[in-house]
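Asker: Below: sequence and its predicted model.
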Amino acid sequence: MSTDMNGKKPRNLGIIYAEESSRGLAHPFFILILDAFKQEAEAHGCNITFIHRNVAGDGTSYLDRVTSSGVDGVCMVCVDFESPEILELAESGFPCVTVDHIFRRVPAVLSDNETGVQKLVEYAIGRGHRRIAFVHGHNNSIVTRARIKQFRNVMDYYSLPIPDEFIREGLYDNIALTRKEVLALLQMPDRPSCILLPDDIAYLGALDAVHELDLRVPWDISFAGYDGIPFTQTLSPKLTTVRQSTDKMGKEAASRLIKLIEQPKSKFMPCIFPVELMEGETIADLKQ
């Protein structure tokens, strides 16, 4: 086994990444986190191994895989955190770090989702919007639940009604489903003036729905995204969104995992990174 300049065996950090769309490692949001994780790991002389479950069809679990693959610890990114196998791994005592989820006794790195939604909703309200809808991501996520709760809280604070049909379940990174849900909202007799989308990628589906109905953004309907990924900022009109601190999140996840491996009794509070509102061109000013 090779060693570093100090004679120490390099740490081997595992990554469990089970993104379900066809994009895989080309996913424009998670690749930013993974790249930052990689940079931090390599700066500490660590190797990286992707952990795949049941590769040979032998029924091995994630816990089986990580304990037999030679990794010293694992970072869980974009997985079904409520699946029995992920829960088993999180409760096993094996060194783990999560991104965008909180488990008991497992260090976590995530964004301030409550503030992110608050910034978007209050920005829309400040521009005169009162009928605001929310197409959110899948419900089996603490991120989604936090965003929905905050959406309701902010609308309630400003005494703005939320018709039941204005909160619609979609999926993250699913253009087709977003298009379907946005079409349904736009075809309502008393449609919303602004729609919050689950992520920036969803803006592609929203634009397709708008074009099908021969509407215009933002004059006929306004949109807000979430994530702040670079390529959607090249679309026209430029998307109003919230940028997450992907670079800091990825580096902190690697740093925490390395420390947990080297100091197993370390205790960590969840690390919640601030977000930034990016004022684009997709939310009309109705007060003009």
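Answerer: Sure thing, it's come through.

Asker: Tell me where the protein has strands.
Answerer: 12-17, 47-50, 73-77, 96-99, 108-111, 132-136, 167-169, 194-196, 222-224, 241-243, 271-273, 276-278 (DSSP state E).

Asker: how about those in TSV, adding mean pLDDT, distance to Thr67 and mean neighbour count?
Answerer: (Glycine included, C-beta is placed from N, CA and C.) Below are those laid out as TSV (pLDDT from 0 to 100; distance: least, Cβ to Cβ, whole Å; neighbours: other Cβ atoms under 10 Å):
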stretch	mean pLDDT	distance to Thr67	mean neighbour count
strand 12-17	93	10	22
strand 47-50	94	13	15
strand 73-77	95	10	25
strand 96-99	96	12	25
strand 108-111	96	22	24
strand 132-136	98	36	25
strand 167-169	96	36	17
strand 194-196	98	42	27
strand 222-224	98	43	26
strand 241-243	97	37	25
strand 271-273	96	26	16
strand 276-278	97	40	16
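
Asker: Dump those to JSON lines, plus distance to Pro84.
Answerer: Formatted as JSON lines, the strands of the chain follow (distance: least, Cβ to Cβ, whole Å):
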{"stretch": "strand 12-17", "distance to Pro84": "14"}
{"stretch": "strand 47-50", "distance to Pro84": "21"}
{"stretch": "strand 73-77", "distance to Pro84": "14"}
{"stretch": "strand 96-99", "distance to Pro84": "15"}
{"stretch": "strand 108-111", "distance to Pro84": "20"}
{"stretch": "strand 132-136", "distance to Pro84": "25"}
{"stretch": "strand 167-169", "distance to Pro84": "23"}
{"stretch": "strand 194-196", "distance to Pro84": "32"}
{"stretch": "strand 222-224", "distance to Pro84": "35"}
{"stretch": "strand 241-243", "distance to Pro84": "32"}
{"stretch": "strand 271-273", "distance to Pro84": "26"}
{"stretch": "strand 276-278", "distance to Pro84": "37"}
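
Asker: closest to Arg147 out of those strands?
Answerer: Arg147 lies closest to strand 132-136 among those, at 6.1 Å (Cβ to Cβ).

Asker: helices or strands up against that closest one?
Answerer: Contacts defined by 3 or more Cβ pairs under 8 Å, 6 or more residues apart in numbering; DSSP states H and E place strand 132-136 against helix 113-126, helix 142-157, strand 167-169, helix 175-186, strand 194-196.

Asker: Let's have these in TSV, adding distance to Cys96.
Answerer: Shown next, in TSV, are the helices and strands packed on strand 132-136 (distance: least, Cβ to Cβ, whole Å):
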stretch	distance to Cys96
helix 113-126	21
helix 142-157	16
strand 167-169	29
helix 175-186	31
strand 194-196	32
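
Asker: Which one of those lies nearest to Asp247?
Answerer: Closest approach to Asp247 among the helices and strands packed on strand 132-136 (Cβ to Cβ): helix 113-126, 16.6 Å.

Asker: looking at the helices and strands packed on strand 132-136, which is buried most?
Answerer: Mean neighbours per residue, mean count of other Cβ atoms under 10 Å, is largest over the helices and strands packed on strand 132-136 for strand 194-196, with a mean of 27.

Asker: Output the contacting helices and strands for it.
Answerer: The contact analysis (3+ Cβ pairs under 8 Å, 6+ apart) places strand 194-196 against helix 113-126, strand 132-136, strand 222-224.

Asker: which residues make contact with the shortest one from outside it?
Answerer: With Cβ atoms under 8 Å, 6 or more residues apart in numbering as the test, strand 222-224 has contacts from 120, 123-124, 129, 193-197, 203, 206, 217, 239-242, 282-284.

Asker: Equivalent analysis for stretch 32-48, please.
Answerer: For stretch 32-48, contacts defined as Cβ under 8 Å, 6+ apart pick out 4, 10-15, 17, 25, 75, 77, 99, 229, 246-251, 253-255, 258.

Asker: So what are the structural domains in this structure, by residue number?
Answerer: Following automatic domain parsing, the chain resolves into domains at 12-110+245-273, 113-243.

Asker: picking that back up, could the helices and strands packed on strand 194-196 be laid out in JSON lines, adding distance to Val154?
Answerer: Output for these, formatted as JSON lines (distance: least, Cβ to Cβ, whole Å):
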{"stretch": "helix 113-126", "distance to Val154": "4"}
{"stretch": "strand 132-136", "distance to Val154": "9"}
{"stretch": "strand 222-224", "distance to Val154": "13"}
